[in-house]
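> Just a sequence and a predicted model for now, questions to come.
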Amino acid sequence: MIPARLRLIACIALAAGIARAGAPPVTAPTFDVLLHTHRLLHSGDRGQGVRVGVISNGTSFYATLARQRILPSVTFYGGDASHGDEGDWMLQILHRIAPRAQLAFCPGGSPARTVSCARDLVRQFHADILVDDTNPQPVYAFPDDKEIGYAALSREHPDVLFFTGAGNNGGGYYEGRWTPTAMMLHDIRYEAQDFGASMGRPGDPYERLTAPPGTAVDVVLGTNADPNGPPRCSTSNPDVTLALVDGSDEILRSVHGRCPVLSLSESHPPRDVSSLGILVLLPSGRSPVDLRLKLVAIALSGESVTPLPLEYWTGGGAGNSAAAPQLISVAAVDPNTGWHERYLYEPFANSGPQCMQYLHTGARWTRLPAPRCYRQPAFVVPDGMPVVMAGVGEERYAPFSGDSAAAPAAAGVAALLLSAHVPAGGMIGLLERTAIPQGDVPGWNAHYGYGVLDADAAAVRAGALPHGRRDSRATGIIPLFHRTATALEDRQLARQARQGDRGALAQLRTAAQQGRANAQAWLARYEHDVGDEALAAHWALLAADRGQPDAQNLLGSLYDRGWGVPSDPRAAQAWWWRAARAGLPAAMYNMGTTLSDGRGAPANPEVGYALMRAAFVRGLRFPAMVRAMALARLRMKFGQIGAAERLVPRFASDPGSIPPP
């Protein structure tokens, strides 16, 4: 996992409660829906006879959760487990998916301690499944101590399934030797790090990043970061200067120290963000040959923490034992963006392949001639399922996000399959063949692996369940949206209800409760208009999930503002995109304005402005629209305006060509 200072916030405050007594809650998908475990559970396969061991930081509130019967009896190994609470959350995920599985816990930490925990859980608890959540910052050596330990265990116990998170440090870290180059900066000579040469590319003293406008950025440098050790700031580190420069080599910020952290505030002017260069400098004449560098740039926006892509990032593995034969590496996708079983990956999730850059032999490590890469992640699982997060004075349900939530969910699926007598030996291949692909073509891809796990399909393929029709939603291209006569009638009912016509409101509610998607969409709009955002979200989710573009557009706005649902700008973009591809001008405009601002997706002023113009061409008109387009145009360069205008006819006539955010 990334250090505590940079760790992603794992929980978000739940959405506001429902305004009226007796109103239905917002319908969040459940585990059996997201993981397709319904048929297995219905057949009585609930993890019975399966032992699952969990390795994480701790279970500080286990006694409270056990007393409240939120967690069952758990066997503990490895001593004090009171230093952390992610173990509590992981155990809850497992227990809710596979309620009859036997659970054990061991507090990991360093690679040596984690391997010791794994041995205890496999040899003493006789675990069938192991879930490890103690990934350190990326390491780039092959093999590391943890990998060696897991590989030995998997050879000794070939039927044990090893699950791990793919890592929450997506975007990349730079990791490399000190490779000095002479550099003059404002008439002062320095020994600078040559990022290009250290990566086997042409010499280049600048590591580069682009910072989103209005976002605070931290650039963190840890030196002497041995790939086989934790990235700590050693007292033997020499003082270095870490500097951010603009395209004219003007120093925007600089800091001096052994392990400097350089902050760029939210108020930085627009000229600062077009192309930032990162320099690592030593005074002339000081060039230690044994210095290593580990560099990361992170964006901080509200409660979110996201690593920013670097030009020379080395993309190492997250210390997750990539070569262990039975390893199953799991990444997270955002459940709020799901439609037709297609999800956006979480922006912090590691993408693959995971590549090892160094060979470690004894006390020495040398750079490999070519990286040794592994297909990780193997799978993705929707995260964000609520767990009880015990705290000072209260316990509350809150969403649990990241690979720490996805890995135990995947392990829960495996526990169900094992209880259905699906053999462990072919489990990985079985899950690969039955996963729901998330890319445009079947097979593995860097963000989603083989896709979202499908427990029931795996059980059918293994012969543990009979063939039968699965409750699956169709996929494919969305036809251009035209409102039917029934949809127009439902819209009229919503308008009459807004004017106080109780009969029209009753008629609209009856149609919505009978499952008519258009009625659900317009009832959602009515509830939004009268201020009941939770009910609006309830009906919008139902209709949007069935492909109704008006509901998808409204749902995007609700996620964008955090009305009735947790604020999730990426989910807003995902729902607006689906409605925009169906030809809905309002969704085109909403997607365009936020793309221009870089909210919910990387800023793309050309596509953003083109979408706003396409919405105008397709007939959308209101006073603020012209001003918004003018402001977007002012922020663009001349060449960008021409490129955007060339996109307008295509987006307006063929909305299906609108690219994903």
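Received it, and whenever you're ready, just let me know what you need. Residues are numbered from 1 along each chain as shown.
> From Leu554, how far out is Arg525?
Noted for Arg525: a distance of 6 Å to Leu554, by CB to CB, to the nearest Å. C-beta here means a position set from N, CA and C on the backbone, and glycine is covered the same way.
> Could you check which of the two has the larger neighbour count?
Higher neighbour count among Arg525 and Leu554: Leu554, with 29 against 24, using other CB atoms under 10 Å.
> Identify the structural domains in this structure and state their residue ranges.
Dividing the chain into domains by automatic domain parsing, as the record does, gives the ranges 45-170+318-462, 174-307, 477-548, 568-661.
> So what's the residue count around Leu465?
Around Leu465 sit 21 other residues, with neighbours defined as other CB under 10 Å.
> How about it: what's its closest non-neighbour residue?
Counting by CB to CB, 6 or more residues apart in numbering, Ala459 is the residue found nearest to Leu465 once chain neighbours are left out, at 4.2 Å.
> average model confidence for the helix or strand the one you found falls within?
Assigned by DSSP states H and E, Ala459 falls within helix 455-462. Helix 455-462 shows a mean pLDDT of 94.
> and if you look at stretch 408-425?
Mean pLDDT, computed over stretch 408-425, is 95.
> quick revisit: contacting residues around the helix holding Ala459?
When contacts are defined by CB atoms under 8 Å, 6 or more residues apart in numbering, helix 455-462 is touched by residues 35-40, 45, 413, 416-417, 420, 422-423, 426, 430-431, 433-434, 465-468, 470.
> If we use 7 Å, what do you get?
When contacts are taken as CB atoms under 7 Å, 6 or more residues apart in numbering, the neighbours of helix 455-462 outside the stretch itself are 35-40, 413, 416-417, 420, 422, 430-431, 433-434, 465, 467, 470.
> could I get that helix in PDB with only the CA atoms?
Extracted as PDB, the C-alpha positions of helix 455-462 are listed here (Å, rounded to 0.1, in the frame of the first residue of the first chain):
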ATOM      1  CA  ALA A 455     -19.300 -16.600  -9.900                       C
ATOM      2  CA  ASP A 456     -22.400 -18.300 -11.300                       C
ATOM      3  CA  ALA A 457     -20.900 -18.600 -14.800                       C
ATOM      4  CA  ALA A 458     -17.800 -20.200 -13.400                       C
ATOM      5  CA  ALA A 459     -19.900 -22.700 -11.500                       C
ATOM      6  CA  VAL A 460     -21.900 -23.500 -14.600                       C
ATOM      7  CA  ARG A 461     -18.700 -24.000 -16.600                       C
ATOM      8  CA  ALA A 462     -17.300 -26.300 -13.900                       C
END
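> Please identify which helix or strand holds Ala405.
Going by DSSP H and E, Ala405 is part of helix 403-419.
> cool, and His36?
Under the assignment given by DSSP H and E, His36 is not contained in any helix or strand.
> what's it sitting at in phi/psi?
phi 60, psi 60 (degrees, to the nearest 10).
> Return the distance of Gly449 relative to Trp178.
Gly449 sits at a distance of 35 Å from Trp178 (criterion: CB to CB).
> So which of the two has more stuff around it?
With other CB under 10 Å as the criterion, Gly449 and Trp178 differ in neighbour count, and Gly449 comes out ahead with 29 against 21.
> Test for you: state the pLDDT assigned to that one.
Confidence at Gly449, expressed as pLDDT, is 92.
> for Arg258, same thing?
According to the prediction, Arg258 has pLDDT 79.
> quick one: it and Phe651, what's the gap?
Counting by CB to CB, the gap from Arg258 to Phe651 is 52 Å.
> Same drill for the two, tell me which one is more crowded.
The residue with more neighbours, out of Arg258 and Phe651, is Phe651; 27 against 16, by other CB under 10 Å.
> in terms of contact, does that one touch Ala610 like I think?
Yes. With contact defined as CB atoms under 7 Å, Phe651 reaches Ala610; the gap is 5.7 Å.
> and Pro660, how many neighbours?
If you count neighbours by other CB under 10 Å, Pro660 ends up with 11.
> wait, doesn't it sit right on Trp576?
No. Between Pro660 and Trp576 no contact is recorded; they are 10.9 Å apart, counting by CB under 7 Å.
> Check which helices and strands the longest strand belonging to the chain sits against.
Longest strand in the chain by number of residues (criterion: DSSP state E): strand 327-339. For strand 327-339, the contact count by 3 or more CB pairs under 7 Å, 6 or more residues apart in numbering; DSSP states H and E identifies strand 161-165, strand 342-345, strand 379-382, helix 403-419, helix 569-581 as packing neighbours.
> Format these as a markdown table; extra columns: mean neighbour count.
Formatted as a markdown table, those follow (neighbours: other CB atoms under 10 Å):
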| stretch | mean neighbour count |
| --- | --- |
| strand 161-165 | 27 |
| strand 342-345 | 22 |
| strand 379-382 | 28 |
| helix 403-419 | 29 |
| helix 569-581 | 27 |
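> Redo these as a markdown table? Include distance to Leu453.
Formatted as a markdown table, these follow (distance: least, CB to CB, whole Å):
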| stretch | distance to Leu453 |
| --- | --- |
| strand 161-165 | 11 |
| strand 342-345 | 12 |
| strand 379-382 | 5 |
| helix 403-419 | 5 |
| helix 569-581 | 20 |
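> And the ones you listed: which comes nearest Tyr559?
Comparison of the helices and strands packed on strand 327-339 against Tyr559 by CB to CB identifies helix 569-581 as nearest, at 4.1 Å.
> Quick check, Phe61 in contact with Asp88.
Yes. Between Phe61 and Asp88 a contact is recorded at 5.3 Å, counting by CB under 7 Å.
> Overlap of the contact sets of these two?
Ala390.
> my read is Pro238 is in a helix, agree?
No. Assignment of Pro238 by DSSP: H, G, I helix; E, B strand; the rest coil gives coil, placing it outside any helix.
> burial measure for it, as a count.
Other residues within reach of Pro238, judged by other CB under 10 Å, total 14.
> Give me the distance between it and Tyr190.
For Pro238, the distance to Tyr190 equals 13 Å [CB to CB].
> which neighbours do the two share?
Overlap between the contact sets of Pro238 and Tyr190, as judged by CB under 7 Å, 6+ apart, is given by Leu282.
> Any idea which residue is closest to the centre of the protein?
In the chain, the C-alpha nearest the mean C-alpha coordinate belongs to Glu346, at 1.7 Å (CA atoms, centre = their mean).
> quick one: low-confidence ranges for the stretch 501-650 of the chain?
For the stretch 501-650 of the chain, no stretch is flagged by pLDDT under 70.
> That one: strands as residue ranges?
Using DSSP state E, counting those that start in this stretch, the stretch 501-650 of the chain contains no strands.
> which residues in the stretch 201-350 of the chain form helices?
Here the stretch 201-350 of the chain has no helices by DSSP state H, counting those that start in this stretch.
> So what touches stretch 513-529?
Applying CB under 7 Å, 6+ apart, the contact partners of stretch 513-529 are 486-487, 490-491, 493-494, 497-498, 508-509, 511-512, 535-536, 539-540, 542-543, 546, 548, 550-551, 554.
> With stretch 569-580 instead?
Outside stretch 569-580, the residues touching it (CB under 7 Å, 6+ apart) are 334, 336-337, 339, 344, 347, 478, 544, 549, 552-553, 555-556, 559-560, 587-588, 590-591, 594, 599-601, 611, 655, 658, 660-661.
> again, only using 8 Å
Contacts for stretch 569-580 (CB under 8 Å, 6+ apart): 334, 336-337, 339, 344, 347, 478, 481, 544, 547, 549-550, 552-553, 555-560, 586-588, 590-591, 594-595, 599-601, 611, 655, 658, 660-661.
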